[in-house]
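**Student:** What would the 3D arrangement of this be:
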Amino acid sequence: MKAVLLKGHGGFEQLEYREDVPVPILRAGEVLIRVGAAGVNNTDINTRTGWYSRSVTEGTTAGAAATGIRLCGR
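**Tutor:** Below you'll find the model as predicted:
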């Protein structure tokens, strides 16, 4: 199955696209869904950059906030 894995806090370099992630084995009462599309919101980005971590003591996205980030080739 395809997936984007978060390897740790940081920028895009912490995201890893994979096509070899095993399909989960279902247990009783669980279902498997096929995702056709997904979105990313500010909470997803803040979690990836470590915004909510107590170990973060300074801004991690100041440069991106000042210059903007281009996503999806736009």
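
**Student:** For the protein, give me the ranges with low pLDDT.
**Tutor:** 55-74 (pLDDT under 70).

**Student:** Can you give me the distance of residue 25 to residue 42?
**Tutor:** Look at residue 25 and residue 42: by Cβ to Cβ, to the nearest Å, they are 33 Å apart. (Glycine included, C-beta is placed from N, CA and C.)

**Student:** Grab the CA positions of the biggest helix by length in the chain and hand them over as CSV.
**Tutor:** Assignment by DSSP state H gives helix 42-49 as the longest helix of the chain. What follows is helix 42-49 as a C-alpha-only set of coordinates in CSV (Å, rounded to 0.1, in the frame of the first residue of the first chain):
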residue,chain,number,x,y,z
ASN,A,42,-2.6,23.7,10.1
THR,A,43,-2.7,21.1,13.0
ASP,A,44,-1.0,18.5,10.7
ILE,A,45,1.7,21.0,9.8
ASN,A,46,2.2,22.2,13.4
THR,A,47,2.5,18.6,14.6
ARG,A,48,5.1,17.7,12.0
THR,A,49,7.2,20.8,12.7
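
**Student:** and the residue nearest to residue 9 when sequence neighbours are not counted, how many neighbours?
**Tutor:** Distances taken as Cβ to Cβ, 6 or more residues apart in numbering put residue 50 closest to residue 9, at 3.4 Å, once the chain neighbours are dropped. Residue 50 is flanked by 16 other residues according to other Cβ atoms under 10 Å.

**Student:** Hmm, residue 6 and residue 50 touching each other?
**Tutor:** No - counting by Cβ atoms under 8 Å, residue 50 stays clear of residue 6, with 11.0 Å between them.
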